[in-house]
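>>> I would like to see how this sequence folds:
(one chain, ligands or ions: 1)
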Amino acid sequence: MKTKKLIITIFGSTGDLTARKLLPAITNLTKNKEISKDVLILALGRREYTKKDYLDYMQTLTSSKLDRDFLEDHLEYFKMQITELNDYHSLKNKINEYSDRNTQNLFYLAIGPELLENVSKNIFESKLVEKLSDRIIFEKPFGHNYDSAKEINQMLWQYFKEQQIYRIDHYLGKEMVRNIVNLRFGNKIFEHIWNKDNIASITVLAKEEEGILNRAGYYDTAGALKDMVQSHLLQVLSLIVMDTPLENTSEAIKDKKLEVLNHLEFDSKLSFLGQYEGYLQEKNIPATSQTDTFVFLKAELHSKLFENVPLYLLTGKKLDEKKSQIIIEFRSVSNQLNLEKETNKLYIDISPNEGVRFNLNHKVFGLNDESATSDMKYSIKDNLKDELPEAYEKMILDAINGNNQLYVRWDEIEQSWRLIDQLVNQELDFIRYKTFDELKERIKKTEKIDL
Ligand code: BG6
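Below is the predicted model of the structure:
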């Protein structure tokens, strides 16, 4: 249990993310004694709020119950304009009031890319980040295309040391995403079959039932391709199809993920974008918006392991269910006995119901001789008494501990933006959809894919 004081200052503290993810994550980490009990959350905002007003407002942004008692004790709302350098001096005074020599500072920038430059410069000029143990987490999106991301990154390098910069992709903190390396490289049965000779296709999907909630301002400038594919889906796919890292270290894994991003090619004819019906009627969305809320992409990886294996990425809002999953479909058996009921599939369930399933063909039990298929299943929930920690808990904890293993390296972001820019320039087909079934039908016209 760490006892040194910790101050977590949140920029963008009146947003959804703070209410739904950051405050609960910090609450759990403290209550579970993973971080110092001597933690102060400084929530910055420009509105005239008392702590009570602030917490009341945050509760309206999330359906889960915030831990009021904990937050009353450990949070302060601090009114300031984050674009005004002058206000940073009062913020610094506030931080100093609470600090001693050993206090660690973590700054969480949950703000849009348009504010990033101004805020980073102000943090630098007001000398808020001084020690190497002071760190800044940068929430995605990191830019809106390759050029802007590059500019942002160069600016950050001007102000901060790389060891202080944490570029977050919360999917990398999810239990089953963290498990991919163990599954792939810790099991003899997968070691020699994880390749084009044995795998017929790979699908990474992240479906959501919700629409854009109250994030119109951000979402309409991004869309699903930039919001989900540039970060989460490309990261997950890279872990699934990368070559074996030279060693089990963060850098060696990132090197191999980067090779994937460098050799990935999308098929723009078979990929398409969609927008849910009703999107144009959402509050604060322009009536002519062409923003994508759904993406289906077909890709190929030019590597020895996976050349010619179709790779699919699918994500969207207002679909039939909330589910994130990886499906590895194996090729048919090569013998003539006709005992294969279904091709083998390995499902890595990222959420909900984290776990792994693998369908096996077998004989129907009893007197019958026909073939059947059943799932071999490992479900984390069935094996765990407590709740699994949320991805944001792992990410915040790692940043506090100076472990950037699950954080994204600049060259990965750079290359994934190059891929997204190419797709944007190719002007993919764009359709409106009401249901997931319509999208599925369209995909199934050309692709043999199990959705
Ligand atoms: C965020 C996106 O990064 O991920 C959101 O900005 C999306 O639009 C969310 O809803 C999905 O994350 P999760 O953890 O709920 O699958």
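
>>> what's near enough to touch the closest residue to Phe330 other than its chain neighbours?
Spatial nearest neighbour of Phe330, chain neighbours left out: Asn344 (4.1 Å); criterion: C-beta to C-beta, 6 or more residues apart in numbering. Yep, even glycine has a C-beta here, placed from its N, CA and C like the rest. The contact partners of Asn344, taken as C-beta atoms under 8 Å, 6 or more residues apart in numbering, are 329-330, 358-361.

>>> and the residue of this structure that's closest to the ligand?
Residue of the chain nearest the ligand, by C-beta to the nearest ligand atom: Asp227 (4.7 Å).

>>> that residue reaches Thr221, doesn't it?
No: taking contacts as C-beta atoms under 8 Å, Asp227 lies outside contact range of Thr221: 9.7 Å.

>>> who's more crowded, these two?
A side-by-side neighbour count of Asp227 and Thr221, using other C-beta atoms under 10 Å, places Asp227 first with 23 against 16.

>>> mind listing what the more buried one touches?
141, 219.

>>> and the spatially most central residue of the chain, how close does it get to Leu233?
With distances taken as C-alpha atoms, centre = their mean, Tyr171 lies nearest the centre of the chain, 3.1 Å away. According to C-beta to C-beta, to the nearest Å, Tyr171 and Leu233 sit 8 Å apart.

>>> residue ranges for the strands of the stretch 351-451 of the chain, please.
Counting by DSSP state E, counting those that start in this stretch, the stretch 351-451 of the chain has these strands, from start to end: 355-363, 371-379, 429-433.

>>> ok, the stretch 151-300 of the chain next?
165-167, 199-207, 264-266, 272-276, 294-301.

>>> adding mean neighbour count and distance to Phe436, write those strands out as CSV.
Output for the strands of the stretch 151-300 of the chain, formatted as CSV (neighbours: other C-beta atoms under 10 Å; distance: least, C-beta to C-beta, whole Å):
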stretch, mean neighbour count, distance to Phe436
strand 165-167, 22, 32
strand 199-207, 22, 7
strand 264-266, 18, 22
strand 272-276, 22, 10
strand 294-301, 23, 9
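
>>> reformat those as JSON lines; add distance to the ligand and mean pLDDT.
As requested, these are arranged in JSON lines below (distance: least, C-beta to the nearest ligand atom, whole Å; pLDDT from 0 to 100):
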{"stretch": "strand 165-167", "distance to the ligand": "13", "mean pLDDT": "97"}
{"stretch": "strand 199-207", "distance to the ligand": "6", "mean pLDDT": "98"}
{"stretch": "strand 264-266", "distance to the ligand": "20", "mean pLDDT": "98"}
{"stretch": "strand 272-276", "distance to the ligand": "13", "mean pLDDT": "98"}
{"stretch": "strand 294-301", "distance to the ligand": "12", "mean pLDDT": "98"}
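
>>> so which of these gets nearest Ile396?
Relative to Ile396, the nearest member of the strands of the stretch 151-300 of the chain by C-beta to C-beta is strand 165-167, separated by 9.5 Å.

>>> may I have the strands that pair with the closest one, each with its orientation?
Paired with strand 165-167 in the same sheet, following DSSP bridges, are strand 135-138 (parallel).

>>> mind listing residues that contact the partner strand?
Outside of strand 135-138, the residues within contact range by C-beta under 8 Å, 6+ apart are 105-109, 116, 120, 123, 129, 156, 160, 163-168, 395-396, 399-400, 402.

>>> and stretch 421-441, by the same measure?
Residues from elsewhere that reach stretch 421-441, judged by C-beta under 8 Å, 6+ apart: 145-146, 207, 225, 266, 268, 271-277, 290, 292, 294, 296-297, 316, 319-320, 442, 451.

>>> that stretch: which residues count as buried?
421, 423-424, 428, 433, 436, 439-440 (16 or more other C-beta atoms under 10 Å).

>>> how long is that stretch from one end to the other?
For stretch 421-441, the first-to-last residue distance is 27 Å (C-alpha to C-alpha, to the nearest Å).

>>> neighbours around the closest residue to Glu370 other than its chain neighbours, how many?
Of all residues beyond its chain neighbours, the one nearest Glu370 is Val364 (4.9 Å), with distances taken as C-beta to C-beta, 6+ apart. Val364 has 11 neighbouring residues, counting by other C-beta under 10 Å.

>>> ok, the one 4 residues further on next?
As a burial measure, the neighbour count of Asn368 was computed by other C-beta under 10 Å and equals 9.

>>> what's the answer for Ser374, then?
Neighbourhood size, Ser374 [other C-beta under 10 Å]: 13.

>>> does it really touch Phe358, like I thought?
No: contact criterion C-beta under 8 Å: Ser374 and Phe358 do not qualify, at 9.9 Å.

>>> show me what contacts Asn145?
Residues near Asn145 by C-beta under 8 Å, 6+ apart: 417, 420-421, 424.

>>> tell me the helices in the stretch 201-350 of the chain, going along the chain?
For the stretch 201-350 of the chain, the helices defined by DSSP state H, counting those that start in this stretch cover 216-222, 224, 234-241, 250-262.

>>> okay if I get the contacts of Asn344 as JSON lines plus distance to Met242 and pLDDT?
Formatted as JSON lines, those follow (distance: C-beta to C-beta, whole Å; pLDDT from 0 to 100):
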{"residue": "Glu329", "distance to Met242": "19", "pLDDT": "97"}
{"residue": "Phe330", "distance to Met242": "19", "pLDDT": "97"}
{"residue": "Phe358", "distance to Met242": "21", "pLDDT": "96"}
{"residue": "Asn359", "distance to Met242": "25", "pLDDT": "96"}
{"residue": "Leu360", "distance to Met242": "27", "pLDDT": "96"}
{"residue": "Asn361", "distance to Met242": "29", "pLDDT": "97"}
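
>>> give the buried subset of those residues as a ChimeraX selection command.
Here is the ChimeraX command that selects the buried residues among these (16+ other C-beta under 10 Å):
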select :329,330,358,359
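
>>> could I get the contacts of Asn344 as a markdown table with distance to the ligand?
Formatted as a markdown table, the contacts of Asn344 follow (distance: C-beta to the nearest ligand atom, whole Å):
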| residue | distance to the ligand |
| --- | --- |
| Glu329 | 22 |
| Phe330 | 26 |
| Phe358 | 23 |
| Asn359 | 24 |
| Leu360 | 29 |
| Asn361 | 32 |
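
>>> relative to Pro389, which of the contacts of Asn344 is nearest.
Phe358 (25.4 Å).

>>> who does that closest one bridge with?
Beta-bridge pairing for Phe358 (DSSP bridges): Leu346, Met376.

>>> who in the stretch 101-250 of the chain is up against the ligand?
206, 208, 227 (C-beta under 6 Å from any ligand atom).

>>> which non-adjacent residue is nearest Ser120?
Take Ser120 and drop its neighbours on the chain: the residue closest to it by C-beta to C-beta, 6+ apart is Tyr159, 5.6 Å away.

>>> could you list the low-confidence segments of the chain?
For the chain, applying pLDDT under 70 flags the ranges 1-3.
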